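1. show me how the following folds:
(chains A, B, C and D)
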Amino acid sequence: MDFRTRVRDWLSANLTGEFAALAGTGGPGREHENVELRARWEKALGAAGWIGLGWPASHGGAGADVATQVAFFEEYARAGGPGRLSHIGEYLLAPTLIAYGTKDQCDRFLPPIARAEEFWCQGYSEPGAGSDLAAVQTRAERDGDVWRVTGQKVWTSLAHLADWCFVLARTEPGSKRHTGLSYLLVPMRQPGVEVRPIVQLTGTSEFNEVFFDGAVTAASNIVGAPGEGWRVATGTLAFERGIATLGQQIGFARELDEIVTVAHDRGLLDDPAWSDRIVDAWVGLQALRHQALRTLGSGDGVAPSVAKLMWATWHRRLGELAMDVHGAAATLADGEPYELSAAQRLFLFTRADTIYGGSNEIQRNIIANHVLGRSRRG
Amino acid sequence: MDFRTRVRDWLSANLTGEFAALAGTGGPGREHENVELRARWEKALGAAGWIGLGWPASHGGAGADVATQVAFFEEYARAGGPGRLSHIGEYLLAPTLIAYGTKDQCDRFLPPIARAEEFWCQGYSEPGAGSDLAAVQTRAERDGDVWRVTGQKVWTSLAHLADWCFVLARTEPGSKRHTGLSYLLVPMRQPGVEVRPIVQLTGTSEFNEVFFDGAVTAASNIVGAPGEGWRVATGTLAFERGIATLGQQIGFARELDEIVTVAHDRGLLDDPAWSDRIVDAWVGLQALRHQALRTLGSGDGVAPSVAKLMWATWHRRLGELAMDVHGAAATLADGEPYELSAAQRLFLFTRADTIYGGSNEIQRNIIANHVLGRSRRG
Amino acid sequence: MDFAFTDEQEDLRATVRRLLAKSDVPLWTKMVDELGLTALAIPEEHGGFGASLVEVAIAVEETGAALAPVPLLATVTAAAAVDPSTPAGAALLSGLAAGSTVAALAFPDPAGPALTATRDGDAYLVDGTAVHVLNGADADIAVVATDSGLFAVPVAHAKRTVHPTLDQTRSQATLVFEAAPAERVGPSAGPALSLLRAALAVESVGVARAALAAAVAHLRTREQFGAPLATFQALRHRVADLTVHVEAATSSAWYAVRVADTDEFDTAATIAKLVATDAAFEVTGECIQLLGGIGFTWEHDAHRYFKRATANRLLAGTPADLRRELTPAALPRSTGVRGGG
Amino acid sequence: MDFAFTDEQEDLRATVRRLLAKSDVPLWTKMVDELGLTALAIPEEHGGFGASLVEVAIAVEETGAALAPVPLLATVTAAAAVDPSTPAGAALLSGLAAGSTVAALAFPDPAGPALTATRDGDAYLVDGTAVHVLNGADADIAVVATDSGLFAVPVAHAKRTVHPTLDQTRSQATLVFEAAPAERVGPSAGPALSLLRAALAVESVGVARAALAAAVAHLRTREQFGAPLATFQALRHRVADLTVHVEAATSSAWYAVRVADTDEFDTAATIAKLVATDAAFEVTGECIQLLGGIGFTWEHDAHRYFKRATANRLLAGTPADLRRELTPAALPRSTGVRGGG
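-> Okay, the predicted model is just below:
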């Protein structure tokens, strides 16, 4: 049986019963939905061996190539699989450990990720630093057998669910910018860690502030040498997106379908001005797909930035289209206190698409550095 | 008889005979048309007292207020009056002389402008300096009773017709940027001046390079003190546009009308996608008008930059619309060697609209300086 | 045409702005009792100040900039639509001027059946459904646009459904009238929609301006990569473009206000609604981007500006609707041949 | 799907680029005789190299980047449309492979009558008017898309009007056929238009890339206000956005090339034409802006890129036409309800 069929069969057999309610829930803008059930679903995924597909076999993975991983994401999206909770561990931490960690670290941390027994969150951004990831003020001091971490992180997705956080902290007092940072693995469930959700414009929450006040982690929980944190953190930043892109686009297509349905029901499709606008959205989605197919795994330095700018900008415009096809009715919410329709949620959360995960401005800086050479700033 | 009627009557009585051929000719993108006849037309305008309407009566003008001057431009545009040749003297030099010049200079230079006996051009921009007007390398040395001017100016409209040029030249050797510049009035018809037309993307020419090689002007032909040239030049830069705006918009409306006619003839107007696009162009034109009416004469510091950005951007889009309504036929020229249709000329020359007379980037710098405070650059 | 404000008008703006800056509660009471903002354009003989729509628009623009959740726009547009020469209109205006009554214009769904008024002896009965009635939760009197004129109906006589809204700073209601007793307050519903559109345009100017000011303040104070954000040219140019949007919105919105007494008003108000609400939408959306992460938090006001701008853009005629309404003006002859200018 | 080029394909690209960089005259002779570019995709049994459309597209992209005034695109699209299993097609391909013949695809005005072919004994007669025939001034053979298949007609048998063009680097002709003797070279005109569109898309990628490279070179060398233009963030971000356009154009154009043998080709070629020519239009236009004053001089190549991009955008289906053609694919069921993905 080919891989795709295997994935499809497993999903259709398992996304049933209590899990049937998960279809289409979770993910960006909807991370607040069905959290406990999704955590159980992750364990089912892990038990079936779907987590860590791309890790090398030597590290407990399936050593799947890019095309195979893409196939998984596509089938998962097509089946309406819910937004993932273990992806930060699987796609951000694990490649980092595999590239820069010790064997002991891999042995300790990879299996619980693969079994969805431990969830992770990412402690990079800090308040007031915006997109400037090197403006780290969180500090960690070595104290005997442990690191003591004090500081504040922000925009931390899923921190409230996470068991661990990988933290960029300043371990050389007085160091500046990219120097003197270390990459620490810090347990979240301890007295020195406080998580406060950030309520976003949708009225829901999926990002958090995380306060470390003398939080403790074992001295061995450092990836790379002390002071090498910037290299470790940026070496795997590019893992963040890419492979998931084609699956993400299936979700986009579903959103566009809903828009088409509304436009049809409201009798707009006979009006060429409306159908042209929808055709443009559809063409843009095809262009996203062509871009992903051409650049996936190509190692092209600007490809991730190009892809992020393309999809975030396209998706934001899709959110506007979703509202416009509803017309004035789109100004009414679905219910009290602030229950939003799918179109409204899409519309509002896509304003965040162009900011989180590297803002449009940061992506433009990266591309410009590549095309025009580095500039002094940005 | 009210002023408007007087203007209208005069135009309908005079834009006849040989001058009838002038209707709609000249102006940006068409400065190469009917030059000699337009020069005679300017003399007729001057003889009738239409040049210098806004100058104070003490300087030989009519002391007309802004509304009256606007009325003249509107009626002139409505009658299809040709692109002006004396406007650089009338609207750029004359206000400068009135503000900063001596009585002798006003007596010497204003009357020939008002009679259209002497045409002027503006010697500010230099090759390689782009929008950086302070990057002046042209130098002038005092030599007994005269200044000797050496250097090169560029983007000089109508230089090939001009009798005089007002030149920003460096008179203090070794001075930098805005300091050490002087504002000199230099006769064009002398051996030390060479004018070379710049052929633009339309295949026609209205800008020039001007080479000064020891060109001479009397010591008295300096406006303001030596070294004060920057203040004199920038003090009247804002005169450049503004009052002419509402007349310019009548020309824009005529261009839009032509587009509507083509769209109608090609059966496009029954298609809402096309009619919406034309409505948007029309709405944009109304917005230009509202903007001009609200800010004319308001002394609002950013208003000229806002207006320039608005009209240049709108006009560029109009040029694209003009091509699009023709479809594939727009790729064929009207004749050999490179005769362009009105739509093609509009389309191509509007690419210059966003560059000359202060590029979009320069206008954005000016607005940003106003809103955000000055920055180190730009 | 003179767009300049008189000294008195500038004073009014400053006074309204001062009150709004205090975030006083009860704000509405103070707006009405202390400043008499609902009385501005009502004739003196009906208890008002006899000022013009310009004064009203100043108050609406400032109230929009503050996103104040008060029924000012609803009440003053209703007041401006009422014909003072009708007896019931005169009475209603007195109540509005005194601030004892909150009113709102009520229109049917453009895609649905019209609202109708039928004579019943000396009185009238209104039937039909009005949708998206602004500040419908607060209104005492609905000023209803029917196909036979403008009618005042006590909201108590309608079935009112107050909806939760995307923009939480302004309520909306659906009002269902079933033979609701009504009084005639104007011969034609004609100018009512244009008044609402012009007011939404002017309000959107205030919303856009305030959002941009918040973003500008952020850029001037926040540092990144070792320099204030306000020194980054890409952001500077974005701010310049947004300034152009605000300027264009201001001009078209105020043009409509200035021609309110002319034949041009319907077209000008439609253009103003299109230009100003599109501009406010663009500006408030981009301000979220300029603010970065905090821009999409609930805590920051940026999303409130954006949601108000979104609502103003879609209510009382979407951009798509407005373009179609403007088509005859933009393409006046089916021959496609028009006179210059 | 693999978008990667083989080493041989990269070599081909480098070779073509080297030749074009020399601005050799006669360029066309060298392209044909030395590199055999017209023979690339022609089967070996007809004198070609038997390579794929990928190799052809590489040559077209590079020739576009150089704005070389040679009939390469016209000839190779005609060659690709011809069915080698037809006797006349096989003969024509031999001539094209040898470079002794220049061909061009010929289509009717979409708004006018179709081109027709009628049987006349063993031969055919073609009637009708073909418009905007690319490189129509140079073509010996018109490969004519009629409603009954693809026919080769010697241009000598047509009334040819060569037009002056906005884009002076490529000629266009109108060809009027009146019972012109013709040979059948393909059963259906079907893929001909898609081949032309895909080729124009790929060529536009080259045009956009070259224009952007020229602007980037300018920004890196020119100083203003005491600093290289390449350090101004507003310009840097503009270049980033244009890079995104070029990338998107590259992906959609090459996607079409890669699926040329599948059922998807017509849709993919139409999307590629829309995406890539719109992108090239935007990029080449903005490059004029980035270059400033010299950007709109006749002397600089910027306007030539812009004019080629303009022509490619409007020929073989305007953006408005293409959108309408794509509507069934984008909105496949009139119910508006579609399956996910």
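2. switch to C-alpha atoms for all contacts and neighbour counts from now on
-> OK.
3. how about the residues of the stretch 1-150 of chain A that lie near chain C?
-> A:128-132, A:135 (CA under 8 Å from any CA of the partner chain).
4. of those, which is the most crowded?
-> Within these, residue A:130 tops the neighbour count with 23 neighbours, counted by other CA atoms under 10 Å in any protein chain shown.
5. shouldn't that one be in contact with residue C:292?
-> Yes: with contact defined as CA atoms under 8 Å, residue A:130 counts as touching residue C:292 (6.8 Å).
6. may I see the buried residues of stretch A:145-155?
-> The neighbour-count check on stretch A:145-155 (16 or more other CA atoms under 10 Å in any protein chain shown) flags A:146-155 as buried.
7. cool, and stretch A:1-20?
-> Going by neighbour count (16+ other CA under 10 Å), the buried part of stretch A:1-20 is A:4, A:7-8, A:11, A:15.
8. centre of the chain to it, how far?
-> Between the centre of stretch A:1-20 and the centre of its chain there are 23 Å (CA atoms, centre = their mean, to the nearest Å).
9. give the closest residue to residue C:9 in space, chain neighbours not counted.
-> residue C:55 (6.3 Å; CA to CA, 6 or more residues apart in numbering or on different chains).
10. if you average the pLDDT over the helix or strand containing that neighbour, what comes out?
-> Remark: residue C:55 resides in helix C:53-65, with elements defined by DSSP states H and E. With pLDDT averaged residue by residue, helix C:53-65 scores 97.
11. how about residue A:102, what does it touch?
-> For residue A:102, the contacting residues are residue A:223, by CA atoms under 8 Å, 6 or more residues apart in numbering or on different chains.
12. and whichever strand or helix holds residue C:322, which residues are buried?
-> For residue C:322, the enclosing helix or strand under DSSP H and E is helix C:319-330. For helix C:319-330, a neighbour-count test (16+ other CA under 10 Å) marks C:319-320, C:322-327, C:330 as buried.
13. what's in contact with the longest strand anywhere in chain C?
-> For chain C, the longest strand by residue count, based on DSSP state E, is strand C:172-186. The contact list for strand C:172-186 (CA under 8 Å, 6+ apart) reads A:332, C:81-84, C:86-89, C:123-137, C:149-155, C:157-165.
14. of those residues, which belong to helices?
-> Judged by DSSP state H, the contacts of strand C:172-186 include C:81, C:87-89 as members of helices.
15. name the nearest of these relative to residue B:361.
-> Using CA to CA, residue C:81 is the member of the ones in helices among the contacts of strand C:172-186 that sits closest to residue B:361, with 44.6 Å.
16. now the closest residue to the closest one other than its chain neighbours: which helix or strand?
-> Excluding the flanking residues, the one nearest residue C:81 by CA to CA, 6+ apart is residue C:192, at 5.2 Å. Residue C:192 is part of helix C:190-221 when elements are defined by DSSP H and E.
17. does chain D sit close to the helix or strand that that helix is followed by?
-> Proceeding N to C from helix C:190-221, the next assigned helix or strand is strand C:223-224, under DSSP H and E. No: contact of strand C:223-224 with chain D (CA under 8 Å from any CA) is absent, the minimum separation being 14.3 Å.
18. the following helix or strand past strand C:223-224 and chain B in contact?
-> As assigned by DSSP H and E, the chain's next helix or strand after strand C:223-224 is strand C:227-228. No: contact of strand C:227-228 with chain B is not found when judged by CA under 8 Å from any CA; the minimum separation is 10.3 Å.
19. what packs against strand C:227-228?
-> On a contact count with 3 or more CA pairs under 8 Å, 6 or more residues apart in numbering or on different chains; DSSP states H and E, strand C:227-228 meets helix C:190-221.
20. near chain B, which residues of the stretch 1-150 of chain C?
-> Taking CA under 8 Å from any CA as the contact definition, the stretch 1-150 of chain C meets chain B at C:1-4.
21. top of the residues you listed by neighbour count?
-> With neighbours taken as other CA under 10 Å, the top of the residues of the stretch 1-150 of chain C next to chain B is residue C:3, carrying 17 neighbours.
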